[in-house]
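Student: need a 3D model of the sequence below.
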Amino acid sequence: MKSMSANFRSLALGFVGALLLAGFASAAEVRVMISGGLTAAYKELVPEFERSTGNKVLTAYGPSMGTTVNAIPIRLERGEPADVLIMVGYALGDLVKQGKVIADSRVDLVKSPIGIAVKSGAPKPDISSADAVKRALLATKSISYSDSASGVYVSTEMFEKLGIADAMKNKARKIPATPVGEIVARGDAEIGFQQISELKSVQGIDIVGPLPDDLQKITVFSAGIASVSREPDAGKALIKFLASPAASAAIIKSGMEPIPAGATD
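Tutor: Prediction:
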């Protein structure tokens, strides 16, 4: 019986082989800008794409939004080259409106839930309901959240929904660029909020779990071809691979849900 990795490799080879037969046989350098949410699965999948196609994938990492030096919109503003953008869906939509992404190239790849993390070994708060989360946040001394989609929701919607926005002003802190899990791991915050897929790759933390359903905000991560792309066909091949059944196992393992091709929210 084949191992899971062997099954994945067989499926991936078959899928990418079909891409080659469809006309993507010439090797290319594909430049990708990607935000943190999909990074863990992406890092597992890209080497198989490279081996199977002969293409080289060059990757730049950064938040989907914000004004930090590595944020994807800022990278594009200063003229960094890009073929494929993989980021929060509504942020990609903004770039489509600005003419920086080819509109009909957009593919929604995954759904990603927000999770809560504490330092490894620390007591795990009850987060089974909205009221339980509220009690935990009021009891804790320090909270961190990201400067991307999950943090925007937590700071501008969730705190208000729980009726604790004023109480959070002096204890909740936005973390630009750095993964929230790293802040929690070194003890600079007792509780951290971020996409579960981003928390999973951080050592030194325990993931308490996802937000309860009545507080949860699912983020869609999408991919598209940059308007300045020099390798749009190779870029489309990469996006198609990431959206294929061959990629599903890695996506699920990283804490996200694949979006079937052609599905809509």
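
Student: and residue 125, that's in a helix?
Tutor: No: read with DSSP: H, G, I helix; E, B strand; the rest coil, residue 125 is coil and lies in no helix.

Student: quick one: it and residue 30, what's the gap?
Tutor: The gap separating residue 125 from residue 30 is 43 Å, by Cβ to Cβ, to the nearest Å. C-beta here means a position set from N, CA and C on the backbone, and glycine is covered the same way.

Student: okay, strands next: where are they in the chain?
Tutor: 29-34, 56-61, 84-88, 107-112, 114-119, 143-146, 172-175, 191-195, 205-210, 219-225, 257-258 (DSSP state E).

Student: quick one: closest of the ones you listed to residue 100.
Tutor: strand 84-88 (8.2 Å; Cβ to Cβ).

Student: let me see the contact set for the closest residue to residue 216 other than its chain neighbours.
Tutor: Sequence neighbours aside, residue 113 is the residue nearest to residue 216 in space, at 5.8 Å (criterion: Cβ to Cβ, 6 or more residues apart in numbering). For residue 113, the contacting residues are 195, 196, 210, 211, 216, 218, 219, 255, by Cβ atoms under 8 Å, 6 or more residues apart in numbering.

Student: 6 Å - rerun?
Tutor: 196, 210, 216, 218 (Cβ atoms under 6 Å, 6 or more residues apart in numbering).

Student: roughly how far apart are the nearest residue to residue 27 once chain neighbours are set aside and residue 148?
Tutor: Spatially, and ignoring its direct neighbours in sequence, residue 27 is nearest to residue 54 (4.0 Å; Cβ to Cβ, 6+ apart). Separation of residue 54 from residue 148 (Cβ to Cβ) stands at 33 Å.

Student: pLDDT at the residue most central in space within the chain, what is it?
Tutor: Most central in the chain under Cα atoms, centre = their mean is residue 37, positioned 1.4 Å from the mean C-alpha point. At residue 37, the model reports a pLDDT of 84.

Student: and residue 157, by the same measure?
Tutor: 97.

Student: same question for residue 40.
Tutor: 89.

Student: do you know how far it is from residue 229?
Tutor: In terms of Cβ to Cβ, residue 40 sits 25 Å off from residue 229.

Student: same deal with residue 119?
Tutor: 42 Å.

Student: pLDDT weak spots in this protein?
Tutor: Where the chain drops to pLDDT under 70, the residues are 1-26, 262-265.

Student: that older thread, neighbour count winner among residue 125 and residue 30?
Tutor: residue 30 (28 against 19; other Cβ atoms under 10 Å).
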